[in-house]
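> Need a 3D model of the sequence below.
(2 chains)
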Amino acid sequence: MHRSPLRQVTALALGLAAGSVPMAARTAPPLSHAQQVRQASFQPARVAHARANLLSQKSQLGLGSRDGFATLSAFTNDQGQTIVRLNQTYDGYRVWGTQALAHVLPDGAVETLTDGLKAGIDLQAGPRLSGQQAIEAALRNLAPKGPMPVAPEVERVVFPARYLGGLATTTDIKTGHPVLDRKLTVHARLAAPYVWAYEVRTSIHNDQDGAHELVYIIDGTTGNILRVNDLAQHLAAPTPVQGTGNGYYRGTVTLNTSQMADGTYALYDTSRGTLPNPYLQYFTPDGSGWSATGLQVWWEQHSPSGVSSWNTYLFQSNPTNTWGDGQPWGPSWGQENGANGQTAGVDAMSAMTTTWDFYKNVFGRNGLDGQGTSVFASVLSTGFANIDGAWWSISGKGVYLGAGSYPTNPNGHLSMTDLDIVAHELTHGVTSPSYAQAWVGGAGYEEAGLNEATSDFFAQMVKAYTTRPTGADSAIPNTGADWEEGAGVNRGTPIRWLDHPSKDQRSVDGWYDGIQYMDGHYSSGPLNRALYFLAQGSSSTQGDGHYSPFLPGGMTGIGNDSAARIWYKTVTENLLADGTGSITYAQARTAAIAAADSLYGAGSPQEAAVESAFAAANVGEAPGQAPRVLISFAPWRNGDYIQVNHYGNAYANRQIFPKSETVFPRISVQNTADTSVTWSLGGPSMYNGSDYSVEEGGVINSDGSWTTPNRMSWHSITATSHADVNQFAEGRVFLINMDTDMDLETDAVDMAGVAYSWYLSNALNPAHSVFEAPWVDDADVSFFVDAMRSTWPVK
Amino acid sequence: MRFRTLSLLLAGLVLPLALACSGSSSSSGAAPAPAKSLSYSDPSGTGWRLVKDASSTGTRIVLDLVGPSGTKTRGVGFNLQAPPKVKFGVFANGLPINDTGVYKLLSAAADPTEPVALTGGVKTGNLLSVGIYQKDRVQPAQDSGSPLCQIAIVLDSAQGISAGDALQLQVVKAKAIPEDIGAVSDDLWTLDKKMRMADITIATGSLTAN
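Down below sits the predicted model:
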C-alpha cells in the first residue's frame, strides 16, 4: 500500500488545463469570490473525476476488480481546489476504516492520499447474519434499561481485523478499584484479515442509561462484537427578526430570532442553516412555524429539585423578544424557560452564530459540516450532558451544554455556554461531520489529543475573530485570543492553557510515546502548544513559560490568520479522520507541512515555522536540527490478537503481565549509542483526570526487571533515556491474577482453573478468573494466554 | 564412503568418553566435543509419561505426553525442569506446546476464532510450563491413552551443549482436569468438591547429547 504523503498523479482534463506539476509548485493564492464560485461549479464533475482517477490507480494500489470507491464528501476550497473524500468499497460495501483523499486542482491535476486503503481483500460468501440480527446482537450488549429515542442504524461493511477491539476496564463503584468492563471488552479474534460485518450505530439518552452514542461492529458470521466505539465527543418558516439578548458571558447582544405563528418569539435563527437538523427531524412541526432547519437553542426540563425529565424544548413563547437577565444560572430548576434560564440560551445562541460566521467568513465553509446542516444547542443540561460538561453529538449535529453545578457545588462550573466552550464543541462538528469522518475522542489514541487541541485552537481563533475591525470579516486578527480555555465557566481559572499546557499540572507540553494513554483533553497539550508557537512564536529564554527545551533558540510566529489557515487546511484536506483513531502527532506534522506548502510554497517561512512549531512540541525536527533520541515501548508482537483497545475509556493494550511476578517490559531506544534507561514507576497518564485509577507499584530491580505488585489493576511504568533526559516513554500495562489454583506459583497449570470454570455462571472461586471476577469467559482465556506470552516467551 | 564417515564419528566419540573416564579432563587441556545430536529413551510403565514422537529428528526431539489408557481427562498442564543447556522448541503456533487434536479445545458451539486454552512458556531457571485444556463442559472428556500434546527439545550449539552431557528432565508439577468436574446444574457444594485438579506424576525418559 502506498505510504507517501499527498501524491500527485497524472490528471485528465476537465475542460481545464491539465498538467503535471510538482507539489512544490502547487502553491495557490486564494481566489476572488467570483473565481471561487466558478471553480465550485466544477465540483460535481471533479468528484467524478477524482473517483475515476482512483479507480484508474487500482492496480498500482494493489486493489482488485471487486474494490471500488464511494464518495463520502466534497467541497471546493478558496484556492479553487476540490477536496474529495472517498471510502474504499468491496462489492459495493464500505470497507471499514478506509478512506482516500483526492485534491482536484483547478487545472484538473489530481493529488491523492491513499495511506488508508487496504489491499488484498478476498471474501467469498456474504454475511451469514442479517442486518436485523446484527442489531439484535448489539442491543444484547447495550442492554438499554430505558427507552431509545432513535432506532439503531445498520450498515453492512467489510471489517479489517487490525481494528479489533481489546480490553476495557471501569471502576468498581463499591471498591474504587479497576475491574474488567465486560460490556465493552472485545475478546473476539479473527482468523482472516477481513470479514463481512455490520456497523450498528446506536444512540441512547435516558435516566437509566445516561447519554451514549455507541457504534458496534458485529461479525457477520458469528455475531461476535469486534469493536465498540463511543463517538460522543465531549469537552464539549417563521419570520426572521432580531431580538435583544442579555447574556452572562456575552453581555447585551443582538440576536437573530424568529417570530412564530402566534406572534411570540423563539431563539430560532433561520438565516443560518439550509438543511434540516437530523435529530430535530424526529420532532413533528406543530404549526407554530418551527422546523428542523435553522440554528436554535433548546432547554432541558427539570423538576423543582433539579431532576431532569429528559425532555427538551425550544426557547419560545417570548412575547417581547428580549431574552435573559444577564445573571448566572441560579439554579432556578423548573423555570428553565424563565429569564434566568434564557440567559444561558442567549450566550449559547450568540456563541453559535459567531462560530458559524467565523467558519463561513474566514474559510468559506457552509455550516459546520460544509453542507449547511442546521445545528442546535441544548442548554441547562444535567441529563443529556454532565452538569459541568459539554459534548458534540455527531448523529444529532447538536451541542449539549451543562447547566453548571456552581454555586450548589462551590468547586463547580457556571453554565457551560461561554464562547470558547461552545466554539470548541462546534469545532468538533467541523472535524467530525459524520461517523465515517469522525475524529476519535477519549483516551487510547493520539488522535484524541489532536481532536481536542483542534477544537481548543479554533475556539481561540473565534475569540480573536470577535475583536476584528468592522468590515474585516475574512481575516483573523493577531490579537484577541487569550489562549485560555474555560476560564469563564471556571470562574476565572482556565481549564486549559494552550500556550503552556502543563500549567494545569495534568497536561504535557511535549509529545512522548505513551501520550495516547492520557485523556484527549490533556494529550492535547503538545498540539495546543505547537499551534500557539506557530501563531505567536516561542521564547529562547530558559524559564520563560513560552520556552521549549526542544527548540532552545525559539521561533517567530506567523500570526493567527496564517496559523489558522494552515491548520484548517490540514484537518479538512490532509488528514484521514475515519473513525479508527489512527492519526498520530507525526502524521499531523506531515499534513501541516503539506498544507503550508500549498498555501505559501515549499521552503516558505511558513513551512519552516510549522516544522519549528512541531519540533518545539517534540514532534519531528526543526530545520537544521538533528534527530532526537526516540524512546518507545516495543509494539505488541505480530500474532498477538489483543492489539489495540478502541473504546474511549481504555487504552492501547501493549503488555499484560501477571501480578506478583518479575517481568521485563520491552523498550526501544533509537538515535543514540547510549540505549540505557532509568525505569520508574508511574507516569504522566496517572494524572489525566479520568474516572478510573491507574496505579504505580512494585519494585524496579537493578537489572531493569519489574517485580509487579500483588494488585490486579492498570499500572504505569516509565523509561527515561540516559542520553537525553527530556526523552521518555510511558508504558501502560495491565496486571492480572494468574494464580488460579492459589499455590503461590504462576504457571500454565493455572490455566486449568480458567478452563473448567469457563462460562460457569456462578464460579465458586473468583480466583479462577484472571480478573478475580465472579465468572469466567473467553476474555480470561485471551488475557491469560497474552500474559503468559508477554512474561515467559520461548527463547 | 558411508563406513568411513561412521568410523570418523566413532573416533570423535571415543576420545571425550575416554577423557571423562580418566577423571582428569581439566588437566588434559582438551575441550569436550560439541554435541551434534540428541537421543531420548522412553520411560517404562503405562502411566503418565513423555515418549518420543516419530516426527523427532537428530536435533529436535518431539515428546508426546501420553496418559494411562482408560483414564478420561479434560486437559493437563505440567512444569518440566531441564538443565540450562536444554532448549525448548517452538511449534508452528508460536508456542512450546502443540495440540494433537485429542482434546476438544473449541466450545461445542464452534466458533473457529474463539481463543483456546493452550499456552506455555519458559520460566526463569529453564522451567518449561505448558497447559492444554478443554474449556467447555459440554465437550466429552477424552481417553488419555494417546498423545495428548507435544513439546520439543532442540539441539542448540549456542547453548554450549557437549556430547555426553547428562540432560536430566524432571516434571516437578503436573495436574489434570478429571472427567467429572460437576455439571452446571449441580449444587454449589457438589461443584466445589468436584472442580478440583488431580495431581498426576509424569515419567520422563533419558535425554542424551551425542
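> give me phi/psi at A:Gly471?
phi 90, psi -10 (degrees, to the nearest 10).
> The nearest residue to A:Ile736 once chain neighbours are set aside: what secondary structure?
By the measure of CB to CB, 6 or more residues apart in numbering or on different chains, the closest residue to A:Ile736 outside its immediate chain neighbours is A:Val770, 4.2 Å from it. Just so you know, the C-beta spots here come from the backbone N, C-alpha and C atoms, and that holds for glycine as well. When classified by DSSP: H, G, I helix; E, B strand; the rest coil, A:Val770 comes out as coil.
> who touches A:Val770 in this structure?
Going by CB atoms under 8 Å, 6 or more residues apart in numbering or on different chains, A:Val770 touches A:736-738, A:740, A:754, A:780, A:783-784, A:787.
> B:Val86 and B:Gln159 touch, don't they?
Yes: under the criterion of CB atoms under 8 Å, B:Val86 makes contact with B:Gln159 at 7.5 Å.
> who has more neighbours, the two?
More crowded of B:Val86 and B:Gln159, by other CB atoms under 10 Å in any protein chain shown: B:Val86, with 24 against 18.
> which ones are touching that one?
So B:Val86 contacts B:126, B:153, B:159, B:161, B:167, B:169, B:207 (CB under 8 Å, 6+ apart).
> Tell me which residues of whatever helix or strand the last one lives in come out buried.
Same thing as B:Leu207. Element membership for B:Leu207 (DSSP states H and E) is strand B:206-209. For strand B:206-209, a neighbour-count test (16 or more other CB atoms under 10 Å in any protein chain shown) marks B:207-209 as buried.
> who touches that strand?
Residues from elsewhere that reach strand B:206-209, judged by CB under 8 Å, 6+ apart: B:35, B:37-41, B:61, B:85-86, B:153, B:155, B:161-169.
> Give the partner strands of it in its sheet and their orientations.
Applying DSSP bridges to the sheet, strand B:206-209 is found paired with strand B:38-41 (antiparallel), strand B:166-167 (antiparallel).
> Generate JSON lines for the ones you listed, with mean pLDDT and mean neighbour count as supplementary columns.
As requested, these are exported to JSON lines (pLDDT from 0 to 100; neighbours: other CB atoms under 10 Å in any protein chain shown):
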{"stretch": "strand B:38-41", "mean pLDDT": "95", "mean neighbour count": "17"}
{"stretch": "strand B:166-167", "mean pLDDT": "86", "mean neighbour count": "14"}
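> For the residue nearest the centre of chain B, list the residues it contacts.
Central residue of chain B (CA atoms, centre = their mean): B:Ile151, 4.3 Å from the mean position. Contacts for B:Ile151 (CB under 8 Å, 6+ apart) come out as B:50, B:62-63, B:65, B:80, B:88-89, B:96-98, B:120, B:128, B:130.
> which parts of the longest helix anywhere in chain A are buried?
Across chain A, the longest stretch assigned as helix under DSSP state H is helix A:339-363. For helix A:339-363, burial by neighbour count (16+ other CB under 10 Å) applies to A:339-356, A:358-363.
> for the stretch 601-750 of chain A, what spans make up the helices?
Counting by DSSP state H, counting those that start in this stretch, the segments of the stretch 601-750 of chain A that form helices are A:605-616.
> can you give me the strands in it?
Using DSSP state E, counting those that start in this stretch, the strands of the stretch 601-750 of chain A run over residues A:630-633, A:655-658, A:662-663, A:667-670, A:677-681, A:699-700, A:706-707, A:714-721, A:728-736.
> try chain B
Secondary structure of chain B (DSSP state E): strands at B:38-41, B:49-52, B:60-66, B:72-81, B:87-88, B:98-99, B:117-123, B:127-133, B:142-143, B:149-154, B:166-167, B:170-178, B:198-199, B:206-209.
> For residue 53, which non-adjacent residue is closest in space?
All of this is about chain A. Leaving aside its sequence neighbours, A:Asn53 sits nearest to A:Val110 (CB to CB, 6+ apart; 4.6 Å).
> you looked at the wrong chain, it should be chain B
Excluding its sequence neighbours, the residue lying closest to B:Asp53 (CB to CB, 6+ apart) is B:Val62, at 4.0 Å.
> what about that neighbour, how many neighbours?
21.
> For it, list each beta-bridge partner.
The partner residues for B:Val62, given DSSP bridges, come to B:Ala152.
> OK, contacts around it?
Here B:Val62 is in contact with B:52-53, B:55-56, B:89, B:150-152 (criterion: CB under 8 Å, 6+ apart).
> any idea how far chain B is from the residue nearest to A:Arg732 when sequence neighbours are not counted?
The shortest distance from A:Arg732 to any non-neighbouring residue, by CB to CB, 6+ apart, is to A:Tyr517 (4.5 Å). Remark: distance between A:Tyr517 and chain B (CB to the nearest CB, to the nearest Å) = 25 Å.
> again, but for A:Tyr532
Distance of A:Tyr532 to chain B, given as CB to the nearest CB: 47 Å.
> Confirm that residue sits in a helix?
Yes: assessed by three-state DSSP, A:Tyr532 belongs to a helix.
> mind listing what it touches?
Per CB under 8 Å, 6+ apart, neighbours of A:Tyr532: A:483, A:498-499, A:546.
> any idea which of those is closest to chain B?
Within those, the smallest distance to chain B is 44.6 Å, found for A:Leu498 (CB to the nearest CB).
> thought that closest one was touching A:Met461?
No: assessed by CB under 8 Å, A:Leu498 is found out of contact with A:Met461, at 10.9 Å.
> Which neighbouring elements make contact with the helix or strand containing A:Ala138?
Applying DSSP H and E as the criterion places A:Ala138 in helix A:131-142. Helices and strands touching helix A:131-142, as assessed by 3 or more CB pairs under 8 Å, 6 or more residues apart in numbering or on different chains; DSSP states H and E, comprise strand A:150-160, strand A:194-206, strand A:214-219, strand A:225-230.
> at contact distance from chain B, anything in the last one?
No: no part of strand A:225-230 sits near chain B under the criterion CB under 8 Å from any CB of the partner chain; the closest distance found is 10.0 Å.
> for that strand, packing partners?
In terms of contacts (3+ CB pairs under 8 Å, 6+ apart), strand A:225-230 is packed against helix A:131-142, strand A:214-219.
> got the CA positions of the shortest one in PDB?
In PDB, the C-alpha atoms belonging to strand A:214-219 read as follows (Å, rounded to 0.1, in the frame of the first residue of the first chain):
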ATOM      1  CA  LEU A 214     -22.100   3.600  20.800                       C
ATOM      2  CA  VAL A 215     -21.100   2.200  17.400                       C
ATOM      3  CA  TYR A 216     -20.700  -1.600  17.300                       C
ATOM      4  CA  ILE A 217     -19.000  -3.700  14.700                       C
ATOM      5  CA  ILE A 218     -20.700  -7.100  14.600                       C
ATOM      6  CA  ASP A 219     -19.100 -10.100  12.900                       C
END
